[in-house]
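In: predicted model and sequence below, questions to follow.
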Amino acid sequence: MTVLVKGTSVVAYVPKGSWSGGTTGIGVLNVEGSSITPTLVSTPNVVNSCASNPTTGQTVCSANNPDVYILTGTTLSKTVTSSGTGTIGFSGGSCTNCGVAIDAVHNKALIGLSISGAGGFQFLNLATQTFEPAFNSQSPAKQISEDPLIDPSRNLLLSPSESNNFEIVNIATSTAPKFFENPIPPNGEADSAGEDCSTGIALAPYEDGGVSNVYLADLTQAKFTAGSPAGTWIAPSQVQILTESFLSAAASAIAVAQGTHVGIVSGEFGGSAITAIKLPTTSGSGTPAITDWVTCNIPAPFQNGLDPHTVTAYQSPNGAKDAIALLANGGATTLAVVDLTKMLNPTIVPRTTGAGLGHACASGTLPATVVSTLPVPIAAPSAVKK
């Protein structure tokens, strides 16, 4: 899912499907402000992912088949077809087009996709609405991330995979990508990419590992060694254990609210626990580490969503400019809005006490001052009875 921040307005785009199925359509709703009429945008095929460009206001969504949908506001303005063929599988299902990330600096969308059954990528130029040539991942078994990420300032594509390999692709020349691999320590499956782009600290949570484990690396200190068909990269790094963070399927998804050094780690396929994390404000020396974290439950009946991961984060353009997380539930019928800045404040959310504690809500669930829920539209406005 994605969020579009324009001025003081914040709009969420929530796919109604997942890699394992679901229904067609994209729920569009206001999170802050009232810039759009909440609606369900109809699509011919099941949509699994969306990403927005705040510069142009466009949103790009990928279907489970080769369809790619381009939206402006609540209008599906164009459908284009990727070069995807066959399907690739993840722990949560299979897909031809498997996800999308936005490079807002260069006005491109990156589609993660299957190329004859192997993982790969393809750029969509949003100015011309045409595709560049698709290219395969060079990671072991040609696996790609469930949630690839673009760092446009460094011209890097981050793609940790379920084989515990962290692929970085230099996309300075997107039609001639350069691949660099890093086999990271196995402790679960690292399949979701995150980054605090201001500091260059990259993250990958490990799902199916019990207590939450998160891999961190400082890309400002990274060393890249060229090779054919792929080189290698290394950087000061660690796998950090987040005590008291017990999430459904462990640490599955991650998102950073850019500009705040605050993020969220969430589970999937049920459970309501989430973990807010505080990242370093500087980088360039030493080994990066999450400096603070706290785990709480979103009040019932909320349950975490399916693959690909239904979470995003942003800095609010209003008020205190807090870090905000958005999470869709398993049926994509409810959107939870969590103020991560308040969640990390122990005077607002008291924590467990005692030896080895201090990283979980004392009350277990988040108070109403920190979390709220919004209904995801189930119909177009004209079909809603008044």
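Out: Perfect, I can see it now. Bear in mind that the values here come from a model prediction, so they are computed numbers and not experimental data.
In: from now on I want contacts and neighbour counts done on CA atoms only, so please keep to that.
Out: OK.
In: next, the contact list for residue 169, please.
Out: Applying CA atoms under 8 Å, 6 or more residues apart in numbering to residue 169 gives the contacts 156, 157, 158, 177, 178, 179, 180.
In: got the residue ranges for the helices in the protein?
Out: 340-343 (DSSP state H).
In: identify the single longest strand in it, thanks.
Out: strand 21-32 (DSSP state E).
In: so which elements touch it?
Out: Contact here means 3 or more CA pairs under 8 Å, 6 or more residues apart in numbering; DSSP states H and E; on that basis strand 21-32 packs against strand 9-18, strand 39-41, strand 47-52.
In: out of those, deepest packed?
Out: Comparing the helices and strands packed on strand 21-32 by mean neighbour count (mean count of other CA atoms under 10 Å), strand 47-52 comes out on top with a mean of 29.
In: quick one, it and strand 9-18 angle?
Out: Counting by axes from the mean of the first three to the mean of the last three CA atoms, to 10 degrees, strand 47-52 lies at 160 degrees to strand 9-18.
In: pLDDT weak spots in the stretch 1-150 of the chain?
Out: Within the stretch 1-150 of the chain, not a single segment meets pLDDT under 70.
In: now do the buried residues in stretch 130-140.
Out: By neighbour count on 16 or more other CA atoms under 10 Å, the buried set for stretch 130-140 is 131, 134, 135, 136, 137, 138, 139.
In: using PDB, write out every CA atom in it.
Out: Only the C-alpha atoms of stretch 130-140 are listed here, as PDB (Å, rounded to 0.1, in the frame of the first residue of the first chain):
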ATOM      1  CA  THR A 130       6.600   3.500 -21.600                       C
ATOM      2  CA  PHE A 131       8.700   0.600 -20.200                       C
ATOM      3  CA  GLU A 132      12.500   0.200 -20.400                       C
ATOM      4  CA  PRO A 133      13.800  -3.300 -21.000                       C
ATOM      5  CA  ALA A 134      13.300  -5.700 -18.200                       C
ATOM      6  CA  PHE A 135      16.300  -7.300 -16.400                       C
ATOM      7  CA  ASN A 136      16.800 -10.300 -14.200                       C
ATOM      8  CA  SER A 137      18.100 -10.200 -10.700                       C
ATOM      9  CA  GLN A 138      21.600 -11.700 -10.300                       C
ATOM     10  CA  SER A 139      21.000 -12.900  -6.700                       C
ATOM     11  CA  PRO A 140      21.100 -16.600  -5.900                       C
END
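In: which residues sit against that stretch?
Out: Residues contacting stretch 130-140 (CA under 8 Å, 6+ apart): 82-83, 115, 118-125, 142-144, 163, 165, 167, 175, 179, 181, 229-230.
In: just the buried residues of the residues you listed.
Out: 82-83, 115, 118-125, 142-144, 163, 165, 167, 179, 181, 230.
In: looking at these, which are in strands?
Out: Per DSSP E, these map to strands at 115, 118, 119, 120, 121, 122, 123, 124, 125, 167, 179, 181.
In: and the two most separated of those residues?
Out: By the measure CA to CA, 125 and 181 form the most distant pair in those, at 26.2 Å.
In: in contact with residue 186, which residues are there?
Out: Counting by CA under 8 Å, 6+ apart, residue 186 makes contact with residue 164.
In: then residue 26?
Out: Neighbouring residues of residue 26 by CA under 8 Å, 6+ apart: 13, 14, 15, 16, 40, 41, 42, 43, 47.
In: so how far is residue 91 from the fifth one?
Out: Which is residue 40. Going from residue 40 to residue 91 by CA to CA, to the nearest Å gives 28 Å.
In: quick one: pLDDT of residue 176?
Out: Listed pLDDT for residue 176 reads 97.
In: do residue 344 as well
Out: pLDDT recorded at residue 344 is 98.
In: burial count for the spatially closest residue to residue 46 that is not a sequence neighbour?
Out: Take residue 46 and drop its neighbours on the chain: the residue closest to it by CA to CA, 6 or more residues apart in numbering is residue 24, 4.3 Å away. Residue 24 has 20 neighbouring residues, counting by other CA atoms under 10 Å.
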